[in-house]
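Peer 1: Task: produce atomic coordinates for the following.
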Amino acid sequence: MSNAGFDYDDSDWPVVRIGSPKTVADDATFERHIQRLTAYLERRKPLVFVIELHDATSLSVEQRDRIRRHEAERRDLIARYQRGMAIVVRSSFQRAMIKAVFWLIESPSPTQAFATIEAAMSWARALLGQQPPSVVRSQSAHH
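Peer 2: A predicted model of the protein is given here:
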C-alpha cells in the first residue's frame, strides 16, 4: 500500500483489489479513487471489489458523504455489475461500523467486512461463481 494514494490490482479480474493509503487521503486523492471505481463499473462487466484498509485509514465527513453520493449517482451501474464489495480490516470494531454504514445507506450490492484477505477473496470468488484456482487444478487432475 502506498503512503499517499490508493493502490489498484486488477490482475485477478473480475476481482479488483484496492489498498488504501497509509495516511489520511486528501480530498483530491479520494475523488480520483471514486473516479477509478466508476471507471471499473463503466466496463459493464460483473466484478467484485476487495478493499484492504490500512490501520491508519480514516475518512473525513466529506469523504464519507462522497461515498454515499457515489452510491446514489451510480446505483444502477453498481446494482447491475458490482457483485459485491469485501472490505478487509483487522479491527472487529471497524468491521461492525462498516456493516452498520452499508446497512444504513442500503448499498445496491452485498458489502461484507472481513478480518483476512483470504476470507475476502474466497467470498469474492463465490459471488462470481468462481472456484479458487487450487480447487480447479485438483479437480482437473482427476479427470
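Peer 1: Can you show me the strands along the protein?
Peer 2: In order along the chain, the chain carries the following strands (DSSP state E): 7-12, 15-19, 47-52, 82-88, 111-114.
Peer 1: The first one: which residues count as buried?
Peer 2: Applying a neighbour-count criterion of 16 or more other CB atoms under 10 Å, one finds residue 8 buried in strand 7-12. Backbone N, C-alpha and C define where each C-beta goes, glycine included.
Peer 1: packing partners for that strand?
Peer 2: With contacts defined as 3 or more CB pairs under 8 Å, 6 or more residues apart in numbering; DSSP states H and E, strand 7-12 has these neighbours: strand 15-19.
Peer 1: Would you mind pulling up the elements that the strand it packs on packs against?
Peer 2: Applying 3+ CB pairs under 8 Å, 6+ apart, one finds that strand 15-19 contacts strand 7-12, strand 47-52, helix 117-127.
Peer 1: okay, those, which one's buried deepest?
Peer 2: Of the helices and strands packed on strand 15-19, the one with the most neighbours on average (mean count of other CB atoms under 10 Å) is strand 47-52, at a mean of 23.
Peer 1: show me where pLDDT drops low in the protein?
Peer 2: Low-confidence regions of the chain, defined by pLDDT under 70, span residues 1-4, 56, 131-143.
Peer 1: returning to that earlier point: TSV please, covering the strands of the chain and showing distance to residue 76.
Peer 2: What follows is those, written out as TSV (distance: least, CB to CB, whole Å):
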stretch	distance to residue 76
strand 7-12	22
strand 15-19	19
strand 47-52	15
strand 82-88	11
strand 111-114	17
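Peer 1: right, and those strands - which one's nearest residue 98?
Peer 2: Each of the strands of the chain was checked against residue 98 via CB to CB, and the shortest separation belongs to strand 111-114, namely 4.3 Å.
Peer 1: How about residues contacting the closest one?
Peer 2: The contact list for strand 111-114 (CB atoms under 8 Å, 6 or more residues apart in numbering) reads 84-89, 94-96, 98-99, 102, 120, 123.
Peer 1: That strand pairs with which strands?
Peer 2: On the basis of DSSP bridges, the sheet neighbours of strand 111-114 come out as strand 82-88 (parallel).
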